[in-house]
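J.: Give me a model of this one.
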Amino acid sequence: MNQLLQQVGEMQQQMQAAQADLAKETVEASAGGGMVTVTASGAGEIKSISIDPKAVDPEDTDLLGDMVLAAVNEALKSANSLAESKLGGLAGGLGGLGLPGL
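T.: The predicted structure follows:
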């Protein structure tokens, strides 16, 4: 039992370290042919949104909103993919311990 608890503790430390590393990494996505660019951390936090002045049309703010939404969603999707690639192996390791529900 002590060995099992030690393994769980080590995996928790590895998971925390991987999550801290993810928070430092960034992904970028764009929409509208690069008119809107969003940068997000690997932890899924939006870091910046860049909008090309040419994308700002006072007559069509809905289009700008759609581009921002598309870029944000793509950046978050990329951040999730990055997190899965970095944390997937660690989370999968918990199941190998034979713990129910993991």
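J.: So which bits of stretch 34-41 are buried?
T.: Buried residues in stretch 34-41, counted by 16 or more other Cβ atoms under 10 Å: 35-41. Bear in mind the C-beta positions are built from the backbone N, C-alpha and C, glycine included.
J.: do stretch 57-70 as well
T.: Within stretch 57-70, the residues that count as buried by 16+ other Cβ under 10 Å are 64, 67-68, 70.
J.: Could you list which residues are in contact with residue 49?
T.: 36-39, 68, 71-72 (Cβ atoms under 8 Å, 6 or more residues apart in numbering).
J.: element containing the residue nearest the centre of the chain?
T.: Nearest to the mean C-alpha position of the chain, counting by Cα atoms, centre = their mean, stands residue 79 at 2.3 Å. For residue 79, the host element (DSSP states H and E) is helix 61-95.
J.: and which of the buried residues of stretch 34-41 is nearest to residue 11?
T.: Taking Cβ to Cβ as the measure, residue 11 lies nearest residue 41 of the buried residues of stretch 34-41, at 22.7 Å.
J.: Provide a list of residues in contact with that closest one.
T.: With Cβ under 8 Å, 6+ apart, residue 41 has these contacts: 22-27, 47, 79.
J.: thinking again about what came up before, now, among the buried residues of stretch 57-70, which is nearest to residue 6?
T.: Using Cβ to Cβ, the buried residues of stretch 57-70 come closest to residue 6 at residue 70, 46.3 Å.
J.: what's the neighbour count on the residue nearest to the closest one when sequence neighbours are not counted?
T.: Among residues not flanking residue 70 along the chain, residue 31 sits closest, at 4.0 Å (Cβ to Cβ, 6 or more residues apart in numbering). Neighbourhood size, residue 31 [other Cβ atoms under 10 Å]: 20.
J.: What of residue 1?
T.: There are 5 residues near residue 1, going by other Cβ under 10 Å.
J.: cool, residue 81 as well?
T.: 12.
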